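Chemist: Here is a sequence together with a model predicted from it:
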Amino acid sequence: MFQQLKRLNPDTILGVMAKFRADPAPLKVDLGVGVYRDLTGNTPVLASVRRAEQTVLAAQTTKSYVAAAGREEFNSAVEEMVLGSAHTARRDRRARTVQTPGGCGALRVGAELIRAAAPGVTVHISDPTWGNHTPLLGSSGLRLERYPYYEAAAHQLRFGAMLERLDRAAEGDVVLIHACCHNPTGADLDPAQWQELAQLLTRRRLIPFLDLAYQGFAVDLDADAAGVRLITAQVPEALVAVSFSKNLGLYRERAGALIVIGENETRADAILSHVLQIARSIYSMPPDHGAAIAAHIFANTTLKGEWTLELNLMRTRIADMRGLLAQHLCRATGDASFDFIRTQRGMFSLLGVSVQTVERLRDRHHIYMTPDSRMNLAGIMPHNASYVAESIAAELGSSFSAMPRAGS
């Protein structure tokens, strides 16, 4: 049976992880894998999560399944956190939320739902986008197309080109949109651009599929969901994939959710029936541990306050490292061209250098990032920021003078 299978190349990010781990150099820097790290380089268990987990385990009397849709109190809290308490879709009972195995599970279940409802539609994804978006959605059999989003060399959003391309999409097509902390660029839409996008989606009758993986990592929980709330309040149908890997640090617990909004309550019930059948055919029942922890935090005022403070500290640490790296790059290059790193949001930025430069940074300086030059700013520390900046400046060398300058 398996004789014809050829060995595949590893996933890009997993390949970077493997090379970093195998590197014996004492001074090496991992800017590749997309997990949060504290100042010790550890991906911590949040204190609020640890306390909630102890309570959950102490109260647990069974390991039986919870429900196909997952934990009801988790789903209700997630829906309110993402859409807000007064959202029109919640008021009109048009929103349905199910727990999924992480944000990836939400994306895949959403993709299968789209294929079941309209197998001929095209899903438009940003260029660039997170590397796993294409396999997660494309493997369902959906047709994918790219819309312009960001020019890495110039460090600029291509918002006009984005609108122009989406304005030519077919009615009923789906648009995958990063809700905040765009991965891999760190470049987000501003409020006026969100409004323009919402108007276009409504006018062209396009279906938004919003990926909310970093709520709380840009500004705060409410501000980071503003684009989601704006768009889902204006369109009749929408999907939202939610992840708690980053903001709760529940990476290995795979805690996520899919929110689907229908035109009316009857349609929403029909959609939910299909979502549950799709989930049954893929993983049967969602894992409970992470969702139980999250639900306990969301329901407990003290724990939720503690979590919010921890989330603020994580966000501040990333912003501080952005500023520190930009400062050292300015000093090392004598130029402000990398100041865009300071102003972007979330964990990621595209350095905007060639694959060859990325390889030289790895081979000569033991600095690891993905081939497209995506950097995870959580890998920057006070003790290595200068080293990273000087290494980048050294490898750019004479080619730096040919790079586009900020504002050019």
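Modeler: Nice, thanks for sending it over.

Chemist: okay, CA-based contacts and neighbour counts for the rest of this
Modeler: Noted.

Chemist: For residue 64, give me phi and psi.
Modeler: Phi and psi for residue 64, reported as degrees, to the nearest 10, are phi -70, psi 160.

Chemist: Look up how far residue 51 lies from residue 43.
Modeler: 17 Å (C-alpha to C-alpha, to the nearest Å).

Chemist: now do residue 257
Modeler: In this view, residue 257 and residue 51 are 23 Å apart by C-alpha to C-alpha.

Chemist: do residue 67 as well
Modeler: Taking C-alpha to C-alpha, one finds residue 67 at 25 Å from residue 51.

Chemist: Kindly confirm my reading that residue 242 is in a strand.
Modeler: Yes: counting by DSSP: H, G, I helix; E, B strand; the rest coil, one finds residue 242 located in a strand.

Chemist: Tell me if I'm right that it and residue 106 touch.
Modeler: Yes: the criterion here is C-alpha atoms under 8 Å, and residue 242 meets it with residue 106 at 7.0 Å.

Chemist: which residues do the two both contact?
Modeler: Both residue 242 and residue 106 are contacted by 256-258, under the criterion C-alpha atoms under 8 Å, 6 or more residues apart in numbering.

Chemist: Pipe those residues into TSV and attach distance to residue 132, neighbour count and pLDDT per row.
Modeler: Formatted as TSV, the shared contacts of residue 242 and residue 106 follow (distance: C-alpha to C-alpha, whole Å; neighbours: other C-alpha atoms under 10 Å; pLDDT from 0 to 100):
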residue	distance to residue 132	neighbour count	pLDDT
256	16	31	97
257	17	32	98
258	17	31	98
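
Chemist: What is the nearest of those residues to residue 341?
Modeler: residue 256 (28.7 Å; C-alpha to C-alpha).

Chemist: In space, what's closest to that closest one - neighbours in sequence excluded?
Modeler: residue 102 (3.8 Å; C-alpha to C-alpha, 6 or more residues apart in numbering).

Chemist: gap between the one you found and residue 22?
Modeler: For residue 102, the distance to residue 22 - C-alpha to C-alpha - is 28 Å.

Chemist: who has more neighbours, these two?
Modeler: Set side by side, residue 102 and residue 22 show more neighbours around residue 102, with 27 against 9, by other C-alpha atoms under 10 Å.

Chemist: In this protein, where is pLDDT below threshold?
Modeler: In the predicted model of the chain, residues 398-408 satisfy pLDDT under 70.

Chemist: what residue lies at the spatial centre of it?
Modeler: residue 213 (3.7 Å; C-alpha atoms, centre = their mean).

Chemist: Name the nearest residue to that residue, sequence neighbours excluded.
Modeler: Nearest non-adjacent residue to residue 213, counting by C-alpha to C-alpha, 6+ apart: residue 243, 4.7 Å away.

Chemist: what's the answer for residue 371, then?
Modeler: Spatial nearest neighbour of residue 371, excluding adjacent residues (C-alpha to C-alpha, 6+ apart): residue 355 at 5.4 Å.

Chemist: How about residue 385?
Modeler: That would be residue 325: by C-alpha to C-alpha, 6+ apart, it lies 5.4 Å from residue 385.

Chemist: ok, and the closest non-adjacent residue to residue 39?
Modeler: residue 381 (6.3 Å).

Chemist: shouldn't residue 296 be in contact with residue 54?
Modeler: No: assessed by C-alpha under 8 Å, residue 296 is found out of contact with residue 54, at 10.7 Å.

Chemist: Now the element after the host helix or strand of residue 281, going C-ward?
Modeler: Assigned by DSSP states H and E, residue 281 belongs to helix 265-282. Of the helices and strands lying after helix 265-282 in sequence (DSSP H and E), the nearest is helix 289-299.

Chemist: Tell me which helix or strand residue 306 sits in.
Modeler: Counting by DSSP H and E, residue 306 is part of helix 301-333.

Chemist: by contact count, what packs against that helix?
Modeler: helix 47-59, helix 289-299, helix 340-343, helix 385-396 (3 or more C-alpha pairs under 8 Å, 6 or more residues apart in numbering; DSSP states H and E).

Chemist: Export those helices to JSON lines and append columns for distance to residue 83 and mean neighbour count.
Modeler: Output for the helices and strands packed on helix 301-333, formatted as JSON lines (distance: least, C-alpha to C-alpha, whole Å; neighbours: other C-alpha atoms under 10 Å):
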{"stretch": "helix 47-59", "distance to residue 83": "23", "mean neighbour count": "15"}
{"stretch": "helix 289-299", "distance to residue 83": "15", "mean neighbour count": "22"}
{"stretch": "helix 340-343", "distance to residue 83": "26", "mean neighbour count": "20"}
{"stretch": "helix 385-396", "distance to residue 83": "38", "mean neighbour count": "20"}
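
Chemist: what would those look like in CSV with distance to residue 110?
Modeler: Below are these laid out as CSV (distance: least, C-alpha to C-alpha, whole Å):
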stretch, distance to residue 110
helix 47-59, 28
helix 289-299, 19
helix 340-343, 32
helix 385-396, 39
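
Chemist: so which of those gets nearest residue 171?
Modeler: With distances scored as C-alpha to C-alpha, the stretch of the helices and strands packed on helix 301-333 nearest to residue 171 is helix 340-343 (35.2 Å).

Chemist: what lines up beside the following helix or strand past the closest one in the sheet?
Modeler: Next helix or strand after helix 340-343 toward the C-terminus (DSSP H and E): strand 348-350. Strand 348-350 has the following sheet partners, assigned by DSSP bridges: strand 374-376 (antiparallel).

Chemist: How far away from the center of its chain is the partner strand?
Modeler: Distance, stretch centre to chain centre, for strand 374-376: 13 Å (C-alpha atoms, centre = their mean, to the nearest Å).

Chemist: And for it, what's in contact with it?
Modeler: Applying C-alpha under 8 Å, 6+ apart, the contact partners of strand 374-376 are 31-35, 184-185, 347-351, 369.

Chemist: one more time with 6 Å, if that's ok
Modeler: Residues outside strand 374-376 that contact it (C-alpha atoms under 6 Å, 6 or more residues apart in numbering) are 31-32, 184, 347-350, 369.

Chemist: what's the closest of those residues to residue 201?
Modeler: Nearest to residue 201, judged by C-alpha to C-alpha, of the contacts of strand 374-376 is residue 184 at 23.4 Å.

Chemist: got a list of what the closest one touches?
Modeler: Applying C-alpha under 6 Å, 6+ apart, we find residue 184 in contact with 130, 348-349, 374.
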